[in-house]
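Student: Sharing a model prediction with you, sequence too.
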Amino acid sequence: MADCIFCKIAQGEIPSTKVYEDDTVLAFRDLDPQAPEHVLIIPKKHIRSILDFGAEDGALAAHILTEVVPQLARSLGVDGDGFRLVTNTGEDGGQTVGHLHFHLLGGRAFAWPPG
């Protein structure tokens, strides 16, 4: 999408601090980190939210959850003590950018409920 900030980041039009990239996924540091390690994981394909993950995106979903997240957790050093993986959906869910993204947060203990 032409006006999507995450699409622009994925296409290299807006700089980011990348921590992982492959043909289908980009992960970069959040500009307003809520934990010592706070990375955003986005599909390069524009998908508005988790509700728009279609059956055709099954391999992409599996790739993110079974390969990218574990690799990032290990490389960020949060795999031992734990981390939080969050995706916000819709306005009431706290989604502020209309492009599916996962927050990987770690490096500190988290409370429950989250907020």
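Tutor: That came through, no problem.

Student: where does the chain have low pLDDT?
Tutor: For the chain, the stretches with pLDDT under 70 are 1, 115.

Student: where do the strands sit along it?
Tutor: Listed in chain order, the strands found in the chain under DSSP state E are 18-21, 25-29, 37-43, 83-86, 102-106.

Student: Those strands into JSON lines, with extra columns for mean neighbour count and distance to A61?
Tutor: In short, each C-beta sits where N, CA and C put it, glycine included. Converted to JSON lines, the strands of the chain look like this (neighbours: other C-beta atoms under 10 Å; distance: least, C-beta to C-beta, whole Å):
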{"stretch": "strand 18-21", "mean neighbour count": "16", "distance to A61": "16"}
{"stretch": "strand 25-29", "mean neighbour count": "20", "distance to A61": "11"}
{"stretch": "strand 37-43", "mean neighbour count": "22", "distance to A61": "9"}
{"stretch": "strand 83-86", "mean neighbour count": "17", "distance to A61": "13"}
{"stretch": "strand 102-106", "mean neighbour count": "21", "distance to A61": "11"}
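
Student: can you list those strands in a markdown table and add distance to Q11?
Tutor: Written out in a markdown table, the entries for these read as follows (distance: least, C-beta to C-beta, whole Å):
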| stretch | distance to Q11 |
| --- | --- |
| strand 18-21 | 12 |
| strand 25-29 | 10 |
| strand 37-43 | 11 |
| strand 83-86 | 25 |
| strand 102-106 | 19 |
